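**Q** fold the following.
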Amino acid sequence: MTTRVVRSVDGTRLRAWCNDGAGSPVLLCNGLGAPPAAWPRVVAPDSGHRVVTWNQRGLGGSQRPADRSRVRVEDHVADARAVLDCFDLPAATVIGWSLGVNIAFELALEEPARVHAVLAVAGVPGGSYSSLFAPFGVPRRLRPRMGRLGSRVLPVVGPLLPLLAASLPPWYEALWPAAVLGPAHEASHPGALLAVLAEFSRHDWSWYRYLVLAVEEHAPLDVSAVYCPVTFVAGRYDALVDVVDVRAAARTVPGARLRELAGTHFVPLQYPGVMLAELRRLSGA
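**A** Sure thing, here's the model as predicted:
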């Protein structure tokens, strides 16, 4: 991969990446603090796509903003524009994962000419805190409070989160004939998981927590005005994004497609082939 230093609109220097591939352009709005290795098939040079991405503010070699308040979703969207401009991409298919889904839809609403299509993975377009912890039965009204409380332990448990969360689907579901013959046979990701875990272990988790808390300020978006092709991918066992909310968002976007997988929040690692197939379907590659 080629790396570049990209200067955002407020002067913050970002570490950006390109897979040096040939083909249709793709902007990867990654999960918070996740490296490109979380998308092994998508970022491979032979994927058929030219993929560009960046590390969020203060993470992975990117600079913290001089104004500490400049860590809202809107600031990440400005960074996405700067990355597109740096790599001379007028427009691209946009992949969002987790926080990246918020960024992708903001960009699609603000500058539709720059977004060919959106692949929204394990995320919702705004209101992320109200979508937390659904598998644990937490009432919706309590989820934002639980999210804020949970963020307090990130400096302690943060380096272990990928290892704990990127679990396989339940063994009994993976053994059903339909699952074995379908995409569930992909659901193993030890090599990519180790790479992602190594990257995560180097974060400053106090700063990471600060970025996580800023996501709460991003209100739900009205995505009914998004008219580019959109595919949502959800993990049925995702503790961070309520699959019910993903279904609701998919119904709101005209013509959107929804795919649910037997996975967790880390579906890009669990189903790398599915991710590439869905990207190709959207981009026409």
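**Q** all contacts plus neighbour counts: C-alpha atoms, from now on.
**A** Noted.
**Q** now do the strands in the stretch 101-250 of the chain.
**A** 115-121, 230-235 (DSSP state E, counting those that start in this stretch).
**Q** a markdown table for those strands, including mean neighbour count and distance to G127?
**A** Below are the strands of the stretch 101-250 of the chain laid out as a markdown table (neighbours: other CA atoms under 10 Å; distance: least, CA to CA, whole Å):
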| stretch | mean neighbour count | distance to G127 |
| --- | --- | --- |
| strand 115-121 | 25 | 15 |
| strand 230-235 | 25 | 16 |
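**Q** export these to JSON lines and tack on distance to H76 and mean pLDDT?
**A** Below are the strands of the stretch 101-250 of the chain laid out as JSON lines (distance: least, CA to CA, whole Å; pLDDT from 0 to 100):
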{"stretch": "strand 115-121", "distance to H76": "16", "mean pLDDT": "98"}
{"stretch": "strand 230-235", "distance to H76": "20", "mean pLDDT": "97"}
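**Q** biggest helix in the protein, by residue count?
**A** helix 73-86 (DSSP state H).
**Q** who touches that helix?
**A** 6-9, 14, 16, 27, 29, 52-54, 56-57, 90-91, 102-104, 106-107, 214-215, 218 (CA atoms under 8 Å, 6 or more residues apart in numbering).
**Q** the same query, at a cut-off of 6 Å, please.
**A** Contact partners of helix 73-86, identified using CA atoms under 6 Å, 6 or more residues apart in numbering, comprise 8, 103.
**Q** ok, now stretch 11-19?
**A** 1-7, 43, 45, 51-55, 61-63, 65.
**Q** out of the strands of the stretch 101-250 of the chain, which gets nearest to S69?
**A** Among the strands of the stretch 101-250 of the chain, the nearest to S69 by CA to CA is strand 115-121 (26.2 Å).
**Q** give me the sheet partners of the closest one and which way each runs.
**A** In the sheet, strand 115-121 lines up against strand 92-97 (parallel), strand 230-235 (parallel) (DSSP bridges).
**Q** check contacts around the most centrally placed residue in the chain.
**A** In the chain, the residue lying closest to the centroid (CA atoms, centre = their mean) is W97, at 1.3 Å. W97 sits next to 30-31, 121-122 when contact means CA under 6 Å, 6+ apart.
**Q** which of these lies at the shortest distance from W207?
**A** Nearest member of those to W207, counting by CA to CA, is G31, at 15.3 Å.
**Q** ok, that closest one - how many residues close by?
**A** G31 has 22 neighbours, counted by other CA atoms under 10 Å.
**Q** A strand includes it, no?
**A** No: membership of G31 in a strand is not supported by DSSP: H, G, I helix; E, B strand; the rest coil, which gives coil.
**Q** right, and it touches S98 too?
**A** Yes: using CA atoms under 6 Å, G31 makes contact with S98 at a distance of 5.1 Å.
**Q** the residue nearest to the centre of the chain bridge partners, please.
**A** Going by DSSP bridges, W97 is paired in beta bridges with V121.
**Q** ok, back up a step: between strand 92-97 and the longest helix of the chain, find me the angle.
**A** Orientation check (axes from the mean of the first three to the mean of the last three CA atoms, to 10 degrees): helix 73-86 against strand 92-97 gives 140 degrees.
**Q** circling back: just put the strands of the stretch 101-250 of the chain in a markdown table and tack on distance to A82.
**A** A markdown table is the format used below for the strands of the stretch 101-250 of the chain (distance: least, CA to CA, whole Å):
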| stretch | distance to A82 |
| --- | --- |
| strand 115-121 | 14 |
| strand 230-235 | 23 |
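**Q** that older thread, for S131, which of the strands paired with strand 115-121 is the nearest?
**A** S131 lies closest, by CA to CA, to one member of those: strand 230-235, at 12.5 Å.
**Q** what sits up against that closest one?
**A** Outside strand 230-235, the residues within contact range by CA under 6 Å, 6+ apart are 117-122, 256-264.
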